[in-house]
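Visitor: got a predicted structure here, sequence first:
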6 protein chains.
Amino acid sequence: MGIHAYFRSLGGLERIIRCPGKFKFEEHSVAAHSWKVVQYAKTLADIEEQHGVKIDWKKLYEITSSHDYGEIFIGDIKTPVKHSSPQLRALIQQVEEGMVHHFIEENIPSEFKSIFYNQLREGKDQSVEGRILEVADKLDQVYEAFAELQKGNTEKEFITMYRSALTKIKDIPLHCVGYFLKYILPDLVNEETISPVDIRRITEEVLAN
Amino acid sequence: MGIHAYFRSLGGLERIIRCPGKFKFEEHSVAAHSWKVVQYAKTLADIEEQHGVKIDWKKLYEITSSHDYGEIFIGDIKTPVKHSSPQLRALIQQVEEGMVHHFIEENIPSEFKSIFYNQLREGKDQSVEGRILEVADKLDQVYEAFAELQKGNTEKEFITMYRSALTKIKDIPLHCVGYFLKYILPDLVNEETISPVDIRRITEEVLAN
Amino acid sequence: MGIHAYFRSLGGLERIIRCPGKFKFEEHSVAAHSWKVVQYAKTLADIEEQHGVKIDWKKLYEITSSHDYGEIFIGDIKTPVKHSSPQLRALIQQVEEGMVHHFIEENIPSEFKSIFYNQLREGKDQSVEGRILEVADKLDQVYEAFAELQKGNTEKEFITMYRSALTKIKDIPLHCVGYFLKYILPDLVNEETISPVDIRRITEEVLAN
Amino acid sequence: MGIHAYFRSLGGLERIIRCPGKFKFEEHSVAAHSWKVVQYAKTLADIEEQHGVKIDWKKLYEITSSHDYGEIFIGDIKTPVKHSSPQLRALIQQVEEGMVHHFIEENIPSEFKSIFYNQLREGKDQSVEGRILEVADKLDQVYEAFAELQKGNTEKEFITMYRSALTKIKDIPLHCVGYFLKYILPDLVNEETISPVDIRRITEEVLAN
Amino acid sequence: MGIHAYFRSLGGLERIIRCPGKFKFEEHSVAAHSWKVVQYAKTLADIEEQHGVKIDWKKLYEITSSHDYGEIFIGDIKTPVKHSSPQLRALIQQVEEGMVHHFIEENIPSEFKSIFYNQLREGKDQSVEGRILEVADKLDQVYEAFAELQKGNTEKEFITMYRSALTKIKDIPLHCVGYFLKYILPDLVNEETISPVDIRRITEEVLAN
Amino acid sequence: MGIHAYFRSLGGLERIIRCPGKFKFEEHSVAAHSWKVVQYAKTLADIEEQHGVKIDWKKLYEITSSHDYGEIFIGDIKTPVKHSSPQLRALIQQVEEGMVHHFIEENIPSEFKSIFYNQLREGKDQSVEGRILEVADKLDQVYEAFAELQKGNTEKEFITMYRSALTKIKDIPLHCVGYFLKYILPDLVNEETISPVDIRRITEEVLAN
């Protein structure tokens, strides 16, 4: 149908709720998550620039804002499923890419096809922009999990999410990760909470490894 | 942890919403869907019994009530994804079964293990009970899709869902399918609707093929 | 209108929320509750069978899955109202049965009438299946109330619900009740909680009486 | 506990949803309904005053704002249940009054008891204020039902609600009813609608009888 | 369009949620808030009458029930915005009054215009009824904020709301304020809570100043 | 508190619902809206680039993703209020900027202050990026309003929103506006709808002026 089909499809991500099946005090749509990732990434990139790193802002724009677009076709498949085997993970990614490919072929006018193929590619590569996306995406898991634990959510899944997201972040070689660990994370850990979970201890354990 | 872990896990299906990502006037949890499948199946089995067919009620009970239990672990993966390739479908089913297996091993006391393995197996086999489950599961798609179209939902997905569920049902060799097509479906098609979609014509097309 | 009217009516139980008027962190529809009762009952019956008790699975299927069907007509009348006087309780049950009767007369084809009268009868009799239904129904109150208390809900109603459901269960003479008290309940009480209510003490008080 | 227990209890009516079990595009709490009844009644009383009728504003204030307070204890029992037999209706009203009585005895300090007994009495008597309350209460049913039909709701219940509320209103001997029928109702009927229901015809039928 | 336009507009306050943008365990519509204010005011006025104060019940009825009607046109503008400068506050009030004025001119028949201008005026004047409205309005903020803190909400906004509402109330010269501080507030402070916030200390601090 | 305070604040836009007080079939948070604006803007900028226009992607990134950040402090003030007088509009913008200024002063470390002042500035200037933002922002109003009308929403507000957003867009001198009017808008107008509103005619009227 043309670009209209693409614009129309965006609403789908407002209706997909992250972390389905678990009790949560607050729900987050994939659209809202995507916006927060865009916002985190901008500040993270600012920090990189302050350290003299050159940022390709067009690329960063494209890969952050569209990084979960494929979920319009496959939904928010539970992380343990995605990661249960490297074979399945690869196959699911292949299906997602196939469906995005099919959508582009069906709907996007030929003069835009290469642009869309480029924008909707998997963005988490080893470039500085790819790494910033990876950090920003995990950062939202840290914030989501923390906000649930803080309100007294006792689902184990949120402890796991907090722990594994933080573990991923801390090993990514970027200046902004250093800034996050030194200045941002301590403020988060110091917030008031009614959680029976000792978030400070979990944080220290992750950082110690 | 024992049977408690199993009882506690059931709440997960109350939080998984069917058909994620599509606009709908009414949401349905997998738990509520499961209950409706149990109810349809009971009446379908009653119709079979009236035709002299012998029903294994214990088996029917087990396979209908638990038929979507595995979604606690994998969520409601969008149907087009599941079916996009036989290879993927097989792999996803394999993962789902692996996760159910893992749950049983971790949580269910040894004296109940064989019972749970049996109950949580894939139920849609070629037995009469397996076929009734298949009909009941698709019947809920017919009712869900119809209720959306009736209220004026214009998402193409619900037309597809209505059409493909009906197509599946009509070819299943059971007495209750005959009854459904002759007595139940006409009443449904005759309901008042504001839909711009011609549900009657779609129904007739499906039945004509 | 025929069986269609019955199938169509099932959706009503998805829209009736249990325990209206009280603050809760999570809402439960009567449909989802019904499904959980079906699931608990299946495992409770498995335990009975392990002790050599004979289960009529068809009967258990019918009475568990339909045990709250009458709420489609009368809604979830608050328990204190229902029980405020034996006279009122009897009258409400009479009205509910009258409305189910009326529904069957109006909608169900004559060849199915006796089946529906039988299925939609009050199932909590003194048979083993009737007792299992009673335990399963109360068990869901235990889980519902516990999940609210666990999250810090301070409404007195949930303490009352937990206490009275447990009190009912413990006096029902079934093997599965013994199993529940010995193996399942302790796991529940040991879960992490932020409740200012001492659930363990309440549990011990109930069991001591 | 004193007046605090009363103030605290008011929140209960924010959580009770009117017309449980039926599909609706918009839900209404009993608290919001109560506020609208207060607002309608004020204008209806203004119309009476314009015709020289004397209004007891204190009484009107008391009976309109508290007219559904008893639902805190009994919930929104479905109208067909309430009215299925005069005996049941009387018994339910008796239980409701008993529970309000019990609440006052338990919680309200002695110097306020007579005030609360007076305020929380059944207000729909044959006084002009009692009649205004009756009209205002039914008027909200007219508006609720109309708003659903207007959006294309095909549940029969809303046609019944519209018809029976209008039937009740038209026979109440008040100046404001004349004004409503002559000036307000025609504007309502003239609103744009996508309903397949012919609201104008139903309105004319009711008024013709 | 006449009175119908006014009656129809009331539904708008059911859709405006108080305190937008902050996490809350329970949402409150402006309609439900308005009803609670009406209820508090009635009891507060009863207390005044017990001390021999004469109440103009018609005026109290009008100003309490309509005190937030103007939010239909301007929404629930965040309090810090409204109060950020006396100039802005005045301008916003001017706009709100202008929009109410415009609504009356456009919709209300001439014989009712003066009545509506009077009813929809700003009611918080220095009369006893105006003061009761001010207390009742702030009282609902006390209850709303307390209910959130009690459940473990850690948003600072609710501490601020509790503190500032209580500060406003305690300086209003009315008998009912004395009663509230002496008999009602202590019961509220004594309720069970999981809040890490020391509500008792905050209350004592406010009262000490 | 540092950058943490900024990251933490983003969740506020997930809780602010656009177009408060009006009935809608689907709600949209300001966060989700912001993401869609980012996405539209990207494609609009791609179209500009195809016409040889140079895009400052960093600027476009900053102004699109943060264009409604100030609503965290002032909420979604109803458009008619904002625009009711140029004086009020100016004052509200001044307050919003004052609150953003205050937030930066209080929370953002000095080495980031100039970056944040720059990013959170009003972005709708006469640069190509500022114009793209204006188009993208209005485009989401077109899509939001259309989706409501399409489902049969009869609130006048959505017709007004559709008409005025389209009117704004069509006069903005950009290549992408030409593309939108020629290729995208016709596809939108051709979608199936149950609306009694003649969207095609309204569209043609707007374009003819």
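Guide: Great, that's in hand. Numbering: from 1, shown residues only, chains lettered A, B, ... in the order given.

Visitor: every contact and neighbour count from this point should use C-alpha atoms.
Guide: Fine.

Visitor: which residues of chain A score low on pLDDT?
Guide: A:78-84 (pLDDT under 70).

Visitor: just want the most central residue of it.
Guide: For chain A, the residue nearest the mean C-alpha position is residue A:137 (2.4 Å; Cα atoms, centre = their mean).

Visitor: surely that residue touches residue A:39?
Guide: No: Residue A:137 is beyond contact range of residue A:39, at 10.6 Å (criterion: Cα atoms under 8 Å).

Visitor: quick one: the helices in chain A, in order.
Guide: A:3-9, A:30-50, A:57-65, A:71-74, A:79-82, A:86-107, A:110-119, A:128-150, A:156-170, A:175-179, A:185-189, A:199-208 (DSSP state H).

Visitor: right, so of the ones you listed, which gets closest to residue F:46?
Guide: Comparison of those against residue F:46 by Cα to Cα identifies helix A:110-119 as nearest, at 8.0 Å.

Visitor: got the angle for that closest one vs helix F:30-50?
Guide: 130 degrees (axes from the mean of the first three to the mean of the last three Cα atoms, to 10 degrees).

Visitor: what helices or strands is helix A:110-119 leaning on?
Guide: For helix A:110-119, the elements it packs on are helix A:86-107, judged by 3 or more Cα pairs under 8 Å, 6 or more residues apart in numbering or on different chains; DSSP states H and E.

Visitor: and the helix it packs on, does that touch chain F?
Guide: No: Helix A:86-107 is not in contact with chain F by Cα under 8 Å from any Cα of the partner chain; minimum separation 11.6 Å.

Visitor: tell me how far that helix is from the chain's mean position?
Guide: On the basis of Cα atoms, centre = their mean, to the nearest Å, helix A:86-107 sits 18 Å off its chain's mean C-alpha point.

Visitor: any buried residues in that helix, and which?
Guide: By neighbour count on 16 or more other Cα atoms under 10 Å in any protein chain shown, the buried set for helix A:86-107 is A:88, A:89, A:91, A:92, A:93, A:95, A:96, A:97, A:99, A:100, A:101, A:104.

Visitor: could you measure from the fifth one over to residue A:126?
Guide: Taking Cα to Cα, to the nearest Å as the measure, residue A:93 falls 18 Å from residue A:126.

Visitor: cool, and the last one?
Guide: Look at residue A:104 and residue A:126: by Cα to Cα, they are 26 Å apart.

Visitor: next: residue A:11.
Guide: 30 Å.

Visitor: check residue A:115 too.
Guide: 21 Å.

Visitor: same check, this time on residue A:25
Guide: For residue A:25 relative to residue A:126 (Cα to Cα), the value is 35 Å.

Visitor: pick out whichever of the two has more residues nearby.
Guide: Counted by other Cα atoms under 10 Å in any protein chain shown, residue A:25 and residue A:126 do not tie: residue A:25 has more neighbours, with 17 against 11.

Visitor: and the more buried one, its phi and psi?
Guide: phi -70, psi -30 (degrees, to the nearest 10).

Visitor: nearest spatial neighbour of it, skipping sequence neighbours?
Guide: residue A:148 (6.5 Å; Cα to Cα, 6 or more residues apart in numbering or on different chains).

Visitor: dump the residue contacts of that neighbour.
Guide: Contact analysis of residue A:148 by Cα atoms under 8 Å, 6 or more residues apart in numbering or on different chains lists A:24, A:25, A:26, A:158.

Visitor: then residue A:9?
Guide: Per Cα under 8 Å, 6+ apart, neighbours of residue A:9: residue A:72.

Visitor: hang on, the earlier thing: nearest to residue A:199, of the buried residues of helix A:86-107?
Guide: Among those, and counting by Cα to Cα, the member closest to residue A:199 is residue A:89, at 30.0 Å.

Visitor: measure that closest one to residue C:185 for me?
Guide: Distance from residue A:89 to residue C:185, by Cα to Cα: 38 Å.

Visitor: out of the buried residues of helix A:86-107, who's near chain B?
Guide: Counting by Cα under 8 Å from any Cα, A:88, A:91, A:92, A:95 from the buried residues of helix A:86-107 sit close to chain B.

Visitor: widest-spaced pair of the residues you listed?
Guide: Pairwise over those, using Cα to Cα, the maximum falls at A:88 and A:95, 10.3 Å.

Visitor: report the set of residues contacting both of these two.
Guide: With Cα under 8 Å, 6+ apart as the test, residue A:88 and residue A:95 reach no residue in common.

Visitor: ok, and the closest non-adjacent residue to residue A:17?
Guide: residue A:29 (4.5 Å).

Visitor: any idea how far that neighbour is from chain C?
Guide: Separation of residue A:29 from chain C (Cα to the nearest Cα, to the nearest Å): 19 Å.

Visitor: could you do residue A:178 as well?
Guide: Residue A:178 is 34 Å from chain C, by Cα to the nearest Cα.

Visitor: please apply the same query to residue A:192.
Guide: For residue A:192, the distance to chain C - Cα to the nearest Cα - is 15 Å.

Visitor: burial check on the closest residue to that residue other than its chain neighbours, number of neighbours?
Guide: Nearest residue to residue A:192, sequence neighbours excluded (Cα to Cα, 6+ apart): residue E:154, at 6.8 Å. By other Cα under 10 Å, the residues close to residue E:154 number 22.

Visitor: same check, this time on residue A:22
Guide: 19.

Visitor: ok, it - contacts?
Guide: A:155, A:157, B:12, B:15.

Visitor: please repeat the previous calculation with a cut-off of 10 Å.
Guide: By Cα atoms under 10 Å, 6 or more residues apart in numbering or on different chains, the contact list for residue A:22 reads A:155, A:156, A:157, A:158, B:9, B:11, B:12, B:13, B:14, B:15, B:16, B:72.

Visitor: residue A:127 too?
Guide: A:55, A:56, A:133.

Visitor: ok, so of those residues, who is nearest residue F:48?
Guide: Once Cα to Cα is applied, the member of the contacts of residue A:127 that ends up nearest residue F:48 is residue A:56, at 18.7 Å.

Visitor: now for residue A:209: which residues touch it?
Guide: A:167, A:170 are the contacts of residue A:209 under Cα under 10 Å, 6+ apart.

Visitor: again, only this time at 7 Å
Guide: Counting by Cα atoms under 7 Å, 6 or more residues apart in numbering or on different chains, residue A:209 touches no other residue.

Visitor: good, we can wrap up now.
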